[in-house]
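Undergrad: Sequence and predicted structure below; questions after.
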Amino acid sequence: MMTKSSLLPNDGGISVLVVFPALYKLGSFTDDLTTAFFEYANALPGAPLIRREHIVGKIVGTKHFSKPSPNR
């Protein structure tokens, strides 16, 4: 499966990095979200090195995304 990620520029020079690991890689994210995030993000081709001091908020993870129902 292809690696997916997005870097989203935000206000004040802050960007949001979103990663979408393949299902077979989710186990490491469940075990230790922060470590798995850094390892995954820093292994992305052409990505700049991300260190803990670059993080200004909480790293958040979820395993299940779904489309909102049309009634919402």
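TA: Everything's here; your move.
Undergrad: Where does the spatially most central residue of the chain sit: helix, strand or coil?
TA: Nearest to the mean C-alpha position of the chain, counting by CA atoms, centre = their mean, stands V19 at 3.1 Å. Here V19 is strand, with the state taken from DSSP: H, G, I helix; E, B strand; the rest coil.
Undergrad: distance of it from P70?
TA: 28 Å (CB to CB, to the nearest Å). Heads up, the C-betas are built off the backbone N, CA and C, glycines and all.
Undergrad: and what of V60?
TA: V60 sits 26 Å away from P70, going by CB to CB.
Undergrad: More neighbours: the two, which one.
TA: Counted by other CB atoms under 10 Å, V60 and P70 do not tie: V60 has more neighbours, with 8 against 5.
Undergrad: elements contacting the lengthiest helix in the chain?
TA: Longest helix in the chain by number of residues (criterion: DSSP state H): helix 33-42. Counting contacts by 3 or more CB pairs under 8 Å, 6 or more residues apart in numbering; DSSP states H and E, helix 33-42 is packed against strand 15-20, helix 26-31.
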